[in-house]
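Asker: requesting a structural model of the entry that follows:
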Amino acid sequence: EHSIINELKNSIEQGPEIGAVNPIIANYSNPKSYYFYGTKIDRGNGDLCSQYPKEYVEQKKGLLDIDFATWCAVFIRKEAIQKTGLLDEQFFAYYEDTDWSIRCKKSGMKTFLYPTVLVYHKVSKSTGGNFSPGVYFYLFRNRLIFMRKNANIIRKFQFSINYINDSAGTYVRLLKSGAR
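Answerer: Below you'll find the model as predicted:
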């Protein structure tokens with residue numbers, strides 16, 4: 001019988017270095033649109049927008065080593081929790097899983113994408129939906145916390161310049177669109 005849990009469990013058992021495994025995650029409201037298929041972290045600005053090419057992921061037959069595991073759908077090895085700990089509560093929403101993944105990698109374990117399993121996610125519903133003020137608040141605040149916690153001094157300087165530019169542009173667009 002096909003079971004997402006069994007597939008993820010079997011994939012995590014492929015090696016002791018595997019700390020967490022994500023399936024491919026699609027948008028619940030638009031199943032043909034993928035939400036997550038292995039995102040990279042831009043260490044210069046803390047952004048999470050760079051995903052692996054969809055075609056590359058779709059043709060991949062085995063596990064794909066990724067920068068971070070999103071916790072909206074994840075299978076985690078018990079030892080990864082023991083070594084890494086739980087999510088940092090200061091984040092609340094957004095970047096808490098990214099921070100955990102960095103700590104997981106520092107502990108000697110890795111995060112992977114299992115490219116043939118698909119689940120559906122109601123993206124950003126707990127913070128008001130896509131592009132809501134709540135989403136922007138937590139994304140901008142938590143990106144700042146993430147970089148303060150995980151970047152070296154040179155990356156922090158680079159981030160400061162990018163953050164001011166990105167934030168100002170986004171806030172201007174929000175004000176023009178009438179978002180409050």
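
Asker: how about Ser33, phi and psi?
Answerer: Backbone torsions for Ser33, taken as degrees, to the nearest 10, come to phi -100, psi 120.

Asker: just to check, it is in contact with Ile24?
Answerer: No. Between Ser33 and Ile24 there is no contact under CB atoms under 8 Å: 11.5 Å. For glycine as for every other residue, the C-beta is placed from the backbone atoms N, C-alpha and C.

Asker: tell me the confidence at the closest residue to Ile4 other than its chain neighbours?
Answerer: In this structure, Ile4 finds its nearest non-sequential neighbour in Val117, 5.3 Å apart by CB to CB, 6 or more residues apart in numbering. According to the prediction, Val117 has pLDDT 74.

Asker: so Val117 is in which element?
Answerer: For Val117, the host element (DSSP states H and E) is strand 110-121.

Asker: buried sites along that strand?
Answerer: Lys110, Thr111, Phe112, Leu113, Tyr114, Pro115, Val117, Val119, His121 (16 or more other CB atoms under 10 Å).

Asker: columns distance to Ser29 on top of these, output as a markdown table?
Answerer: Below are those laid out as a markdown table (distance: CB to CB, whole Å):
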| residue | distance to Ser29 |
| --- | --- |
| Lys110 | 31 |
| Thr111 | 26 |
| Phe112 | 27 |
| Leu113 | 22 |
| Tyr114 | 23 |
| Pro115 | 22 |
| Val117 | 20 |
| Val119 | 14 |
| His121 | 10 |
